[in-house]
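> A structural model of the following input is requested.
(one chain, ligands or ions: 1)
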Amino acid sequence: MSPDSNLLSEETISQAVAQALKEIQLAKNLEELKNVRLNHAGEKSPIALANREIGSLEGTAKADAGKRIGEARNKVKIALDDRTVELQNEREDSILIAEKVDVTQVLANANSSSLMVGARHPLTTIAEHISDVFIAMGYEVAEGPEAESEWFNFDSLNISEDHPSRSSSDTFYVESMDSGIVMRTQTSPVQMRAMLERKPPIYVIVPGKVFRTDELDATHTPVFHQVEGLAVDKNLTMADLKGTLDHLAQSMFGTGIETRFRPSYFPFTEPSAELDLKCFVCKGETKKRKDCKTCRSEGWIEWGGCGMVNPNVLETAGIDSSKYSGFAFGMGLERTLMFRYGITDMHDLVEADIRFTARFGLGL
Ligand code: DAH
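Presented below is the predicted three-dimensional model:
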């Protein structure tokens with residue numbers, strides 16, 4: 001046996017393994033273990049050096065030595081892996097302890113100016129404000145699904161089969177195209193749901209999200225919000241509708257705000273009107289100067305659509321249109337906020353950066 005083949009003796013190998021296992025256990029952290037790995041599993045470790053000698057052996061001696069080295073390597077590897085996991089867990093535990101957050105401490109500091117608190121989105125605030133105005137008049141808040149059947153969104157509202165708003169260039173269809181489900185394009189389908197679920201007299205207010213295939217730009221967003229109102233009772237007239245909307249306008253824009261109805265057309269109301277607000281900034285007095293940004297010096301701002309519920313729609317809901325009449329209205333909340341606060345870019349409302357939303361505080 002040449003002197004070097006001592007490296008391959010059973011005794012030398014088992015000593016090398018024993019030494020390795022001992023040092024692995026003694027390693028106190030991952031850095032120390034890295035050194036141990038280098039010394040006992042690296043290229044210059046006793047086991048690696050012994051491995052190099054195998055070539056000088058022959059026959060069964062070679063096979064035996066190969067087996068011994070293989071087993072030795074395996075033992076060291078398993079011990080290294082196990083100790084690595086143990087030390088990693090220890091490290092994570094100590095980080096958790098070191099970085100522990102005392103949440104009660106944060107609360108104690110809540111009044112300090114260094115703490116950023118969240119802000120409500122003005123859309124939430126305005127939707128609640130409008131709902132409150134109507135709840136005070138005896139209305140109920142109603143809801144419906146955002147993924148809505150085509151029947152509720154269009155057919156039940158007297159919207160014809162070939163109406164352009166139904167096309168997939170305006171409306172998001174839920175796959176497949178013949179599923180009969182759309183992302184609702186308006187809150188009006190909740191009118192029909194409310195009528196089917198209740199018996200007259202019916203007074204509901206419906207704030208909600210709606211969807212249209214618009215690109216996001218300064219004045220459009222594919223997901224926006226509307227508020228819908230519906231009243232069905234005996235002897236309701238256009239005068240009741242006007243009085244109700246005047247009351248809403250005063251509560252949002254201050255007493256003395258003027259409104260007007262402009263004739264219009266919606267399939268679900270007859271007669272129909274556009275509701276305009278007298279510009280609360282220039283009061284219509286900039287027509288000649290052309291410098292009012294709020295109404296573009298039109299003097300009036302288009303706020304929403306409204307009208308007397310079409311008798312066809314009442315009948316579809318099973319309501320006797322010879323006994324009952326109804327009025328309905330709907331307006332966009334983003335648009336309302338934009339002219340109410342002089343917001344010029346829709347991105348601000350969509351992005352909801354706290355530096356933007358915080359300006360609105362808690363009230364309107
Ligand atoms: N749904 C209409 C829209 O999205 C708005 C509307 C108009 C709602 C007239 C109504 C109404 O309830 O009576 O443009």
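
> Flag the helix or strand of this protein with the lowest per-element mean pLDDT.
Using mean pLDDT, DSSP states H and E, the weakest-scoring helix or strand in the chain turns out to be helix 103-108, at a mean of 69.

> quick one: stretch 344-356 to chain centroid distance?
Taking the mean of its C-alpha atoms, stretch 344-356 sits 14 Å from the chain's own mean (C-alpha atoms, centre = their mean, to the nearest Å).

> before we move on, what about stretch 348-361?
15 Å.

> Tell me the bridge partners for Lys173.
Slight slip there: residue 173 is Tyr, not Lys. Beta bridges link Tyr173 to Val182, judged by DSSP bridges.

> That one reaches Ile181, doesn't it?
Yes. Between Tyr173 and Ile181 there is a contact under C-beta atoms under 8 Å: 7.4 Å. (Each C-beta comes from the backbone N, C-alpha and C, glycine too.)

> And the strands in the chain, which stretches?
140-141, 147-149, 181-183, 202-211, 223-233, 259-266, 269-278, 300-309, 325-332 (DSSP state E).

> could I get those as TSV with mean neighbour count and distance to Ala358?
Conversion of those to TSV gives the following (neighbours: other C-beta atoms under 10 Å; distance: least, C-beta to C-beta, whole Å):
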stretch	mean neighbour count	distance to Ala358
strand 140-141	14	27
strand 147-149	18	33
strand 181-183	20	30
strand 202-211	22	22
strand 223-233	22	20
strand 259-266	14	31
strand 269-278	20	27
strand 300-309	21	26
strand 325-332	23	23
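
> okay if I get those strands as JSON lines plus mean pLDDT and distance to the ligand?
Formatted as JSON lines, the strands of the chain follow (pLDDT from 0 to 100; distance: least, C-beta to the nearest ligand atom, whole Å):
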{"stretch": "strand 140-141", "mean pLDDT": "98", "distance to the ligand": "16"}
{"stretch": "strand 147-149", "mean pLDDT": "98", "distance to the ligand": "13"}
{"stretch": "strand 181-183", "mean pLDDT": "97", "distance to the ligand": "13"}
{"stretch": "strand 202-211", "mean pLDDT": "98", "distance to the ligand": "7"}
{"stretch": "strand 223-233", "mean pLDDT": "98", "distance to the ligand": "5"}
{"stretch": "strand 259-266", "mean pLDDT": "97", "distance to the ligand": "4"}
{"stretch": "strand 269-278", "mean pLDDT": "97", "distance to the ligand": "4"}
{"stretch": "strand 300-309", "mean pLDDT": "97", "distance to the ligand": "3"}
{"stretch": "strand 325-332", "mean pLDDT": "98", "distance to the ligand": "3"}
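
> show me the contacts for the residue lying closest to Gly299 once chain neighbours are set aside.
In this structure, Gly299 finds its nearest non-sequential neighbour in Gly284, 3.4 Å apart by C-beta to C-beta, 6 or more residues apart in numbering. Contact analysis of Gly284 by C-beta atoms under 8 Å, 6 or more residues apart in numbering lists Lys278, Cys295, Gly299, Trp300.

> Need the pLDDT of Gly284.
pLDDT recorded at Gly284 is 80.

> Same question for Lys287.
Per-residue confidence at Lys287 stands at 66 (pLDDT).
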